[in-house]
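[1] Test case, fold it:
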Amino acid sequence: MNVTVRKIGNSEGIIIPKEVLDRLGVRAGDTLELKEESGVVTMRPSDGDFQRQLAAAEFLMEKYKVALKKLAE
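    Next up, the predicted model:
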């Protein structure tokens, strides 16, 4: 399946066909994980639980930055 890169505001993007979105189980507003490796781009639905855990970890690391730095010494 071929898609065309299009100008979208100040960015560029592609339109993902509805059939592909249906197979992925995603819809407008959902988050996709985009990965590029050796010139190959892959997309998959983002794991919401992992994203929430990552956000919580980042919050705690920022909150306890001084303590974590002391522990690392």
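
[2] For this structure, give me the ranges with low pLDDT.
    48 (pLDDT under 70).

[3] Do a quick rundown of the strands in this structure.
    Applying DSSP state E to the chain gives strands spanning 6-8, 11-13, 32-37, 40-45.

[4] now those strands in CSV, with mean neighbour count?
    From N, CA and C alone the C-beta is placed, and that goes for glycine too. Formatted as CSV, the strands of the chain follow (neighbours: other Cβ atoms under 10 Å):
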stretch, mean neighbour count
strand 6-8, 9
strand 11-13, 9
strand 32-37, 10
strand 40-45, 11
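
[5] now for those, which one comes closest to L54?
    The closest of those to L54 is strand 32-37. By Cβ to Cβ, the value is 11.7 Å.

[6] So which residues make contact with that closest one?
    24, 26, 41-47 (Cβ atoms under 8 Å, 6 or more residues apart in numbering).
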